[in-house]
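1. Give me coordinates for this.
(one chain, ligands or ions: 1)
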Amino acid sequence: MTDSLQRVVTALDKVARTSLVWPRGLINPGGPHRVLAGTLLPVSIGEDECAVFGRLIERFRPAHTFIVGNAFGFSSCYIADVMSQHGGQSVVTLDSEVEGRGRDCAAVARRLADTLQLNLLRNKKGRSPEDTARAVETDCHDLVFIDGDHRHPQVMRDFEGILPYTDEHTIFVWHDFWMTGIVPCLRLAESRGMKWMGLPTSCEMILGTRDAGIFSELRDMFPAGIENQSPHSPLLAPAIIAKIIAQQVWESITYRLGFTHSVTQTE
Ligand SMILES: C[S@@+](CC[C@H](N)C(=O)[O-])C[C@H]1O[C@@H](n2cnc3c(N)ncnc32)[C@H](O)[C@@H]1O
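-> Predicted structure coming up:
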């Protein structure tokens, strides 16, 4: 585990009770992911996916990052912690607090950022894309992470909302390629000159940029990446979601009855 990941996990354990989910990964080997204990959603990115951000930040040293979808702050705190060691200046998150116990998540995110003393991180409450222009603090972001509502056409809306605050060098990261809204957004991104590739992380991350040189470096850094990865069967997302809901409902019931499991497994 990297220092940043260790710091974030230790701090999170101090400020909230969480459960691990998908300890061996969801679509690919990886994980674990986290939820606030006793909740079904939102689910954080996996630890293996934090490592992807770590490598991106160490290599490209983004000054400004924008994140759609913050939940309880796991990914944003990890990103901000690594950026703070690599010349980063700002990380802004935008979250509408609609998923799960949204207000509790936001409170945990605040406490986590405070505990880690991440002064470059600013968490904002609001809806993407309606509040994106109000939330941004710079004209151009070097790194954008889209991890809000993954349904179509919301992902496209998130992308179009932040696009004016990026340039050709910006690296975009999407999470959950297997969910229905990502592929239509990637088609839109292609039409704006973006190249992209899928990474075989737990929930499948996508990296994209309009800069051919940066894209070539990304391909070298992540040789397992698949350029223009083919979409999954449309049946995959409903099947996974049904399985997740069934397993997490069970976890929630056993949590309330006091038979808490620390790990929910999806194999
Ligand atoms: C998957 S979670 C984000 C997880 C987070 N990136 C992490 O790894 O720790 C998705 C979050 O997006 C938020 N969200 C959903 N629709 C949104 C929208 N239109 N604008 C802003 N946030 C939204 C939800 O409230 C939820 O907290």
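2. quick one: average pLDDT of the lengthiest strand in the chain?
-> Assignment by DSSP state E gives strand 166-175 as the longest strand of the chain. Averaging pLDDT along strand 166-175 gives 98.
3. Quick one: list the elements packing against it.
-> If you count contacts as 3 or more C-beta pairs under 8 Å, 6 or more residues apart in numbering; DSSP states H and E, strand 166-175 packs onto helix 47-60, strand 141-146, helix 182-191, strand 205-209, helix 212-221. Any C-beta I mention is one placed from the backbone N, CA and C, and that applies to glycine too.
4. Distance to the ligand for these - can I get that in CSV?
-> Below are the helices and strands packed on strand 166-175 laid out as CSV (distance: least, C-beta to the nearest ligand atom, whole Å):
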stretch, distance to the ligand
helix 47-60, 8
strand 141-146, 7
helix 182-191, 12
strand 205-209, 11
helix 212-221, 20
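5. count of neighbours near the residue lying closest to residue 43 once chain neighbours are set aside?
-> Distances taken as C-beta to C-beta, 6 or more residues apart in numbering place residue 33 nearest to residue 43, at 5.0 Å, with adjacent residues excluded. For residue 33, the tally of surrounding residues (other C-beta atoms under 10 Å) stands at 26.
6. For residue 33, give its distance to the ligand.
-> Noted for residue 33: a distance of 8 Å to the ligand, by C-beta to the nearest ligand atom, to the nearest Å.
7. Residue 187 is in contact with residue 152, correct?
-> No: Residue 152 is not in contact with residue 187 according to C-beta atoms under 8 Å; the separation is 10.6 Å.
8. The longest strand of the chain: partners in the sheet, and parallel or antiparallel?
-> Under the criterion DSSP bridges, strand 166-175 sits next to strand 141-146 (parallel), strand 205-209 (antiparallel) in its sheet.
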